[in-house]
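[1] please find the sequence and the predicted model below.
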Amino acid sequence: MTRAERLQFWNVRNLSYKIVLGVLVSALVLSAIVGMGSRTQNAVFVYEVGKPVRLGQRVVPSPKAGEVLIKVTAAQLLPHDSYGRDRGVFIGEKLPIVLGSSLAGTIEELGPDVAPDYELGERVFGTSNLQCPTPDQAGLQQYAILQADSIGRTPSNFSDDEVATLPINVATIMIALFTKFGFELSAPWEEKPFDFASQTIVVLGAGTNAAKIFTRFATKQLGIKNIITVASLTNTAALLEVGATTVIDRHAPEDSIIEQVHIVAGRIDNVAMIIDCASWEHHLAASLLTPNKPSRLVTLHRVNEAKVQETRPLCRATLV
Ligand SMILES: NC(=O)c1ccc[n+]([C@@H]2O[C@H](COP(=O)([O-])OP(=O)(O)OC[C@H]3O[C@@H](n4cnc5c(N)ncnc54)[C@H](OP(=O)(O)O)[C@@H]3O)[C@@H](O)[C@H]2O)c1
């Protein structure tokens, strides 16, 4: 090979190296740019209804206007999550899906218009919109999007685990008190005059957390004066503290419970609203209610309204 031929050979080789190197560098830069917009995270997926959940990966979503991205530290699973995994309730058409609709954590990123209402790093909790078509708002992943108007700041004396359980209880109580699935009382924000003070509500299963939150809200926020609770007596101090008028021992004979409730209520016709937070059968509730006028039984478990109406035909029984 002559010197000129050797130079030409090296130039061609250099050019090939440059092209290969150029392509490699471009690919790296491109993947870095693409990667910046699509961090991935771990998430627990339902891939198939009726099958065990599995760990997978998905892109970390970006918050849009009115939204925040939350680094999730606690998530709550509820009965509807297991009905979803087992039977496809709410999730049938959206697979693969991530479960968990209540969560707590810290704000990782703010949507364009959310500051100054919230700041990066703030501890918050909230609940997702079950209608969300993607898993972006689900709790069982490292980062979730929530609407800024469906979160609250976590009080310093609450752990993230504790606060993640609040939304479902608060939502349940609101539905129980103010909607057609519950007592249909006039909500304070409707600003219609309503005599809360003179109402009587009997709370069965009052040892539950749901019942204690209900009683606190009904007495301290609404001003209902007569909340008659039935629970194990170990709950007495806690129930009186949240505003219960009295605590009747749920382990007493049924006749005795009925008699005591009617004495505290003044007369049987005052017992027209009962919330049962624990039972799966509602014989006691039906026996307590007035037979003389329309009444409401609101339950946190499935209720057989026809069976209740065998005892109290004027009772409307609903699950919230
Ligand atoms: N549908 C909804 O939207 C909704 C929302 C929230 C909760 N829930 C459901 O409501 C129930 C209560 O939830 P929670 O977390 O508040 O309960 P929890 O705090 O775990 O309740 C435990 C208490 O329930 C009481 N209890 C157990 N069996 C009872 C019975 N047969 N009769 C009367 N009281 C009984 C006991 O109180 P004593 O100390 O008196 O023995 C026990 O200490 C759960 O089944 C939950 O799934 C439903």
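    Cool, the structure landed.

[2] from now on I want contacts and neighbour counts done on CA atoms only, so please keep to that.
    Noted.

[3] report pLDDT for the closest residue to I91 other than its chain neighbours.
    Of all residues not flanking I91 in the chain, G84 sits nearest, at 5.9 Å (Cα to Cα, 6 or more residues apart in numbering). For G84, the model assigns a pLDDT of 91.

[4] what's the answer for Q131, then?
    83.

[5] let me know the helix or strand that it is in.
    Using DSSP states H and E, Q131 sits in no helix or strand.

[6] now it. Its backbone dihedrals?
    phi -80, psi -10 (degrees, to the nearest 10).

[7] can you count the residues close to it?
    9 (other Cα atoms under 10 Å).

[8] going forward, count from 28.
    Done: numbering now begins at 28, and the last item shifts to Q158.

[9] run a quick check on G138 versus I97, I expect a contact.
    No: G138 lies out of contact with I97 (Cα atoms under 8 Å); the separation is 11.1 Å.

[10] look at those two and report which has more neighbours.
    Legend: neighbour count by other Cα under 10 Å for G138 and I97, higher for I97 (29 against 17).

[11] surely that one forms part of a strand?
    Yes: under DSSP: H, G, I helix; E, B strand; the rest coil, I97 sits within a strand.

[12] all helices for the protein, in order.
    For the chain, the helices defined by DSSP state H cover 30-64, 106-114, 187-190, 193-205, 236-243, 263-268, 281-292, 310-315, 332-338.

[13] show me where pLDDT drops low in the stretch 28-177 of the chain?
    28-64 (pLDDT under 70).

[14] check contacts around the residue of it found nearest the ligand.
    Going by Cα to the nearest ligand atom, the ligand is nearest to P106 of the stretch 28-177 of the chain, at 6.4 Å. Under the criterion of Cα atoms under 8 Å, 6 or more residues apart in numbering, P106 has no contact partners.

[15] shared neighbours, G138 and I97?
    Between them, G138 and I97 share no contacting residue, judged by Cα under 8 Å, 6+ apart.

[16] hmm, back to that, any idea how far the residue of the stretch 28-177 of the chain closest to the ligand is from P143?
    According to Cα to Cα, to the nearest Å, P106 and P143 sit 36 Å apart.

[17] kindly report the same for N253.
    From N253 across to P143, the span is 42 Å (Cα to Cα).

[18] more crowded one of the two?
    Neighbour count, other Cα under 10 Å: between N253 and P143, N253 has more, with 22 against 8.

[19] dump the residue contacts of that one.
    Here N253 is in contact with 224-228, 271-272, 292 (Cα under 8 Å, 6+ apart).

[20] what sits opposite it in the beta ladder?
    Per DSSP bridges, the residues bridged to N253 are T227.

[21] rewinding a little: which residues sit in contact with the residue nearest to I118?
    Residues near G111 by Cα under 8 Å, 6+ apart: 76, 117-119.

[22] nearest to K247 among these?
    Lowest distance from K247 to those (Cα to Cα) belongs to F117, with 34.9 Å.

[23] for that closest one, which non-adjacent residue is spatially closest?
    G111 (6.2 Å).

[24] with D113 instead?
    G77 (4.4 Å).

[25] against G127, how distant is that neighbour?
    To G127, G77 is 17 Å away according to Cα to Cα.

[26] ok, these two, which is more surrounded?
    Neighbour comparison, G77 and G127: the larger count goes to G127, with 23 against 14 (by other Cα under 10 Å).

[27] wait, isn't the more buried one in contact with Q103?
    Yes: counting by Cα under 8 Å, Q103 is a contact partner of G127 at 5.8 Å.

[28] can you list residues touching both of the two?
    Taking Cα under 8 Å, 6+ apart as the criterion, G127 and Q103 both touch G166.
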